[in-house]
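K.L.:
My questions are about this predicted structure, shown below with the sequence.
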Amino acid sequence: MNTTAVLKKIESFLKGEINAEDFSYDFPVTYSFYAKRLDLENPAFSQLMEEEMKALCRAYDPFDYYHMEVEKIHSEAAFTEAVRAVYEKAKTL
């Protein structure tokens, strides 16, 4: 059930219901709400969200606001494809 809620949040982004910038800020908050229950319900899924999806959200910086010397994703298309790849992995867990 918690897994489904998190997947629906990702799906809403992939369907274009949430823009990339909003998703990159909102997803970590959504995931945090479910994190403890996901750790118990589906540890592999939880780990994927924690390690890969949250990292993608942190990396998305379309306007290069922070000018930090870390690897960032500037393109919405690249961000969407990376999210889609993690989503496809997540659906199998």
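P.N.:
Received the coordinates, thanks. Not measured: the values here are computed from a predicted model.

K.L.:
Got the phi and psi for D61?
P.N.:
Dihedral angles phi and psi of D61 (degrees, to the nearest 10) take the values phi -150, psi 80.

K.L.:
Which pLDDT value belongs to it?
P.N.:
Listed pLDDT for D61 reads 81.

K.L.:
ok, and the closest non-adjacent residue to it?
P.N.:
Distance criterion C-beta to C-beta, 6 or more residues apart in numbering; nearest residue to D61, sequence neighbours excluded, is K72 at 4.5 Å. Any C-beta I mention is one placed from the backbone N, CA and C, and that applies to glycine too.

K.L.:
can I assume that neighbour is in contact with P62?
P.N.:
No. Contact criterion C-beta atoms under 8 Å: K72 and P62 do not qualify, at 9.1 Å.

K.L.:
What are the buried residues along the longest helix seen in the chain?
P.N.:
Secondary structure of the chain per DSSP state H: the longest helix is helix 20-41. Across helix 20-41, burial judged by 16 or more other C-beta atoms under 10 Å covers A20, F23, S24, F27, P28, T30, Y31, Y34, A35, L38.

K.L.:
And that helix, what does it pack against?
P.N.:
Other helices and strands packing on helix 20-41, by 3 or more C-beta pairs under 8 Å, 6 or more residues apart in numbering; DSSP states H and E, are helix 2-14, helix 43-48, helix 54-59, helix 76-91.

K.L.:
can you rerun that using 6 Å?
P.N.:
Judged by 3 or more C-beta pairs under 6 Å, 6 or more residues apart in numbering; DSSP states H and E, the packing partners of helix 20-41 are helix 2-14, helix 54-59.

K.L.:
Now do the longest one: everything it contacts.
P.N.:
Right, the one you point to is helix 2-14. By C-beta atoms under 6 Å, 6 or more residues apart in numbering, the residues outside helix 2-14 that reach it are I18, F23, T30, Y34, R37, L38, E41, N42, F45, Y87.
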